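Participant: Could you look at this predicted model? Sequence included:
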Amino acid sequence: MLRYLATRLLRALLTILAVSTFAFAILNLSGDPALLIMSVDAPPEAIEAFRKSWGLDRPMWVQYLHFLDNALHGDLGRSMRDGRDAFTVVWERVPATLALTLPAFLLKIGIGVSAGIFAALHRNAFADRMTMTLSVAGYTMPSFVLGLVLALVFAVNLGWLPSGGYGTVEHAILPVITLSLAGAAVLARFTRSAMIEVLGQPYIRAATAKGLPWRRVITGHALPNAAIPTVTVIGFMIGGLIAGAVVVESVFSWPGVGRLLVVAVANRDLAVVQSILLLIASCMVVANLLVDLTYGWIDPRVRTHRAAGAG
Amino acid sequence: MTAPLLVADAIERHYEVRRDGLLGKRRSLRAVDGVSFAVPPGRTLGLVGESGCGKSTTAKLVLGLVPLTGGTVRFDGQPVQARHDAAWRRQRRDMQMVYQDPLGALDRRLPVGRQIMEPLAIHRIGTPNGRRDKAMALLEAVGLGASHLGRYPHELSGGQRQRIVLARAMILEPRLLVCDEPVSALDVSIQAQVVNLLGDIQARFGVAYLFISHDLRIVRQVSHEVAVMYLGRIVEQGEPDRLFSQPEHPYTRALVSAIPTARGAKARERILLQGDPPNPVDVPSGCAFRTRCAWAQPLCAERRPELRPLADGTRVACHMTHGDIAARRAA
Amino acid sequence: MTISMRPPAVVAAPAAAPPGRLSRFLTAWPPGVILAIAWIVAMLFVAVFADQLSPQGFTKMDLRARLADPWGFGGTTAHLLGTDELGRDVLSRLIHSIRMSLLVAFLGTLLSAFIGISVGFLAAHFRGWIEEAMMALADMQASLPFMIIALAVLAFFGNSLPLFIALMGLNNWERFARIARGLAIAASEQGYAGAVRHLGGSPWRVYGLHILPNIAGTLLVSMTLSFPEIILLESGLSFLGLGVQPPLTSLGNMVGYGREYMQSAPWIMLAPSVIIVLTTLAISILGDWLRDRLDPTLR
């Protein structure tokens, strides 16, 4: 188990390093970093100072190390819009995004997994087909379309909920629902097939033959085994959640990191973009690490395989 | 006496492996460990041995598919090297291979006729029509008909597929054909047919064979000379009838003793070998066979026996056979 | 197993079973799949003949007829889907948007397939550090959601259509690379690929004439998965104003600009949305069906 953890941790660190290198590379490829980050209008002295502090007159690898060093200290340059420290600008938006993504994540798992299990247990019945059709609609529909349609129906036509903005719980309802539905649809499909595969296994039949009530078979045997592949899929979907947040925040004018990213890209506010990039990469890496940990914990084969010292 | 077509001179193929994971000791896996033989034109050399003795690796070395780590191979006087350059590709026209798994060796998406013609296309020989005619001629030579040209591999039986592979290999009229367990995957009744076909092809095209198999009876049937391999070395080599009726090397004796005899014929005394076949990573010092040999003695651990001829020309690599040690069983 | 793309021989039914023919036909070609194919064909037709089909130029403004309703909701037949805030005919814009979005998705998919297959084959052929590098790159790409990567690149390099299409071409290349590499390795040495090399064939021949046709089916299915992803990606980015830029128009673009008039003229936003949803749905259905036909053991 320890070995498993160690390798995963190493990979995580390498990935973050790789993403930082990527950020550094495209920054340097796309033009003079000083001009790009400081913008063309900045006074020459400021540009010079920037160059000095980032060591832009030094050889490339020195710059790279400098960049890494700065990044570790949280110094990623200044936002072009208001001159404030880029990382701070990003960081203050994080709570808003969390307020959206965390509930959406839970909701997505809740709806998706339940729907999938439900469909699997009533396989080929009308309930199953209905659920699956709905889920197909869920994942082929882009999140912005879904968001706009929901806004159109519930905000514009029915007036029950606000169509955008930030402040109260009502403001959060539509964005959270939009964000969770697409992921829920995919999760439902996947959970359904995982459950069906598990239910087809001989040990399920053995359990019912033993006389266990069907409910116990499901909760005691089927669900735990179906959980294993499902957990890995949930891990993959975290990325989709982040990408979805970018769009949904823009649709509902929610002042989170996603919306900031869009604005920053439009304004070519590169320091902010870089900061967000590193932030997201770190989150993804941490999330994947957690998923790997959970996976290693719930799948006994991983635990014992490693413990036996094989490999 | 005509010059031999193929000469292998003390060829070696060693692999560097690490035992016990990433930090284990570096060992040398001696797949082929000093093998020498010569194949005359139009004749068959049979190569027998257990799985893992290095027969297939020898075949690949001889064809230049795998690089040598020692020794040389000469085909028609020219060196054979495992460099996939133009010279190597040119040599493909003279030496080809037939495989154990005919279905795997054929592209399942293409009709077999096209696959038979492919070597001609690769080496840019002939015109499309001419190639078709040639393919039909080869089909007829392997005992199939023109109707098979358009069939797909999965539509044919195992024996038919192997004939197709043979036709494809022969269409360039190579002078050497390496057959690596060509009938092992086929039903016994089909085996005989394919073996006979190989004989016909040799008579018709004058092609030399390096015939590799673990099946002693078939090897005896097709070969003009047989070499027995053990752990990457040849331990005995000679005429088939002599080798099988009067095996000299202890290993050959054990192999021959295991051949089932027809009912009524004199039953052989079965020699059972002790121990497991050792790992090619851990080749015993001196004679590789000594750990399982009932006649092993101290000299066998010290000095590796050379493959030397006896009076009648049979070559054996054993101290006891050549009289260097007394022929008595170990206590 | 050879992939048969021919429909089952419906005409050769025995005389005693005419009623059976229809049900057999429907089993082999489910109605959903037929509808999906019909829709895709229709969209392709629109994309190819956009200039002939659109009633007016898509930039033609008519400021006297701004935000006109569609026909049937109070509007005239002059503008079947109404007009937008600058008086441009929504139907014409829609038709041209379909062409743009399909074009981007098509080129993007082809590009990512090309990159992926080439890298995959190179990794399979040379093994060693090239393979390691490829796996590392693929992992790196998979570690971030592609939309984020795309946004970062757009921020740094600005936006022009060729760059944008190239960016779309980087989506999912690693999926193709993994498939190509895996299948190429499986085919090599022991199998027919090795046999052709032994015959003297060059690596080009082996990969081009033998391995590629054999894996084409699997790759095609992956392409049907990748295509709708690019449509969604492009429309998402265009919606955010970061994708296809005006005066060019794409489906996402239209939704983005139509959003401001959600209350007064919702059709500007709804028409392209419907097209997006139906098109991705159709291709997904087709892809699923192809995958089932290709290999029922693949989930």
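Facilitator: Cool, the structure landed. Numbers count the residues shown, from 1 in each chain, chains lettered A, B, ... in the order given.
Participant: Roughly how far does C:Ala155 sit from A:Val263?
Facilitator: Going from C:Ala155 to A:Val263 by C-beta to C-beta, to the nearest Å gives 11 Å. For glycine as for every other residue, the C-beta is placed from the backbone atoms N, C-alpha and C.
Participant: and these two? which has more neighbours close in?
Facilitator: Remark: of C:Ala155 and A:Val263, C:Ala155 carries more neighbours, 28 against 15, as counted by other C-beta atoms under 10 Å in any protein chain shown.
Participant: Quick check: neighbours shared by C:Ala155 and A:Val263?
Facilitator: Residues touching both C:Ala155 and A:Val263 (C-beta atoms under 8 Å, 6 or more residues apart in numbering or on different chains) are A:Asp269.
Participant: Residue 301: neighbouring residues, count only.
Facilitator: Since you didn't name a chain, this refers to chain A. Neighbours around A:Arg301, by other C-beta under 10 Å: 9.
Participant: Correction: the question concerned chain B.
Facilitator: B:Ala301 has 14 nearby residues by other C-beta under 10 Å.
Participant: buried stuff in the helix or strand that it is a member of?
Facilitator: Secondary structure from DSSP states H and E places B:Ala301 in helix B:298-302. Using 16 or more other C-beta atoms under 10 Å in any protein chain shown as the test for burial, helix B:298-302 gives B:Cys300.
Participant: Against which helices or strands is the helix or strand following that helix packed?
Facilitator: Sequence order places strand B:308-309 as the next helix or strand after helix B:298-302, per DSSP H and E. With contacts defined as 3 or more C-beta pairs under 8 Å, 6 or more residues apart in numbering or on different chains; DSSP states H and E, the packing partners of strand B:308-309 are strand B:315-316.
Participant: And the strand it packs on, what does it pack against?
Facilitator: So strand B:315-316, by 3+ C-beta pairs under 8 Å, 6+ apart, packs with strand B:233-238, strand B:308-309.
Participant: ok, residues contacting that strand?
Facilitator: Residues outside strand B:315-316 that contact it (C-beta under 8 Å, 6+ apart) are B:234-238, B:248-249, B:307-310, B:322.
Participant: What subset of those residues is buried?
Facilitator: For those, buried by 16+ other C-beta under 10 Å: B:234-238, B:248-249, B:307.
Participant: Determine which two of these are furthest apart.
Facilitator: B:Ile234 and B:Glu248 (12.7 Å; C-beta to C-beta).
Participant: Helix or strand with the lowest mean pLDDT in the chain?
Facilitator: Picked chain A for this. helix A:300-307 (a mean of 58; mean pLDDT, DSSP states H and E).
Participant: Could you show which parts of the stretch 1-150 of chain C are in contact with chain A?
Facilitator: C:136, C:139-140, C:143-148 (C-beta under 8 Å from any C-beta of the partner chain).
Participant: which among the residues you listed end up buried?
Facilitator: C:140, C:143-148.
Participant: Closest to chain B out of the residues you listed?
Facilitator: C:Met140 (24.2 Å; C-beta to the nearest C-beta).
Participant: Could you verify my assumption that the closest one touches A:Thr15?
Facilitator: Yes. Between C:Met140 and A:Thr15 there is a contact at 6.5 Å, judged by C-beta atoms under 8 Å.
Participant: what sits against the residue in the stretch 101-250 of chain A that chain B sits nearest to?
Facilitator: For the stretch 101-250 of chain A and chain B, the shortest gap (C-beta to the nearest C-beta) falls at A:Thr232, measuring 26.9 Å. Listed by C-beta under 8 Å, 6+ apart, the contact partners of A:Thr232 are A:291, A:295.
Participant: Give the buried residues for the strand or helix carrying it.
Facilitator: Using DSSP H and E, A:Thr232 falls within helix A:223-251. By neighbour count with 16+ other C-beta under 10 Å, helix A:223-251 contains the buried residues A:225-235, A:237-251.
Participant: where does the stretch 1-150 of chain C have low pLDDT?
Facilitator: Of all residues in the stretch 1-150 of chain C, those with pLDDT under 70 make up the ranges C:1-20, C:26-28.
Participant: which regions of the chain sit below the pLDDT cut-off?
Facilitator: This is for chain A. Applying pLDDT under 70 to chain A flags the ranges A:1, A:4, A:30-42, A:50-60, A:74-83, A:302-311.
Participant: wait, chain B
Facilitator: B:1, B:19-24, B:261-269, B:326-331.
Participant: where along it do the helices fall?
Facilitator: B:55-63, B:86-91, B:102-105, B:112-122, B:128-141, B:158-170, B:188-205, B:216-222, B:240-245, B:250-257, B:298-302 (DSSP state H).
Participant: In JSON lines: those, plus distance to chain C.
Facilitator: Converted to JSON lines, the helices of chain B look like this (distance: least, C-beta to the nearest C-beta, whole Å):
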{"stretch": "helix B:55-63", "distance to chain C": "7"}
{"stretch": "helix B:86-91", "distance to chain C": "4"}
{"stretch": "helix B:102-105", "distance to chain C": "4"}
{"stretch": "helix B:112-122", "distance to chain C": "5"}
{"stretch": "helix B:128-141", "distance to chain C": "14"}
{"stretch": "helix B:158-170", "distance to chain C": "7"}
{"stretch": "helix B:188-205", "distance to chain C": "17"}
{"stretch": "helix B:216-222", "distance to chain C": "22"}
{"stretch": "helix B:240-245", "distance to chain C": "28"}
{"stretch": "helix B:250-257", "distance to chain C": "27"}
{"stretch": "helix B:298-302", "distance to chain C": "37"}
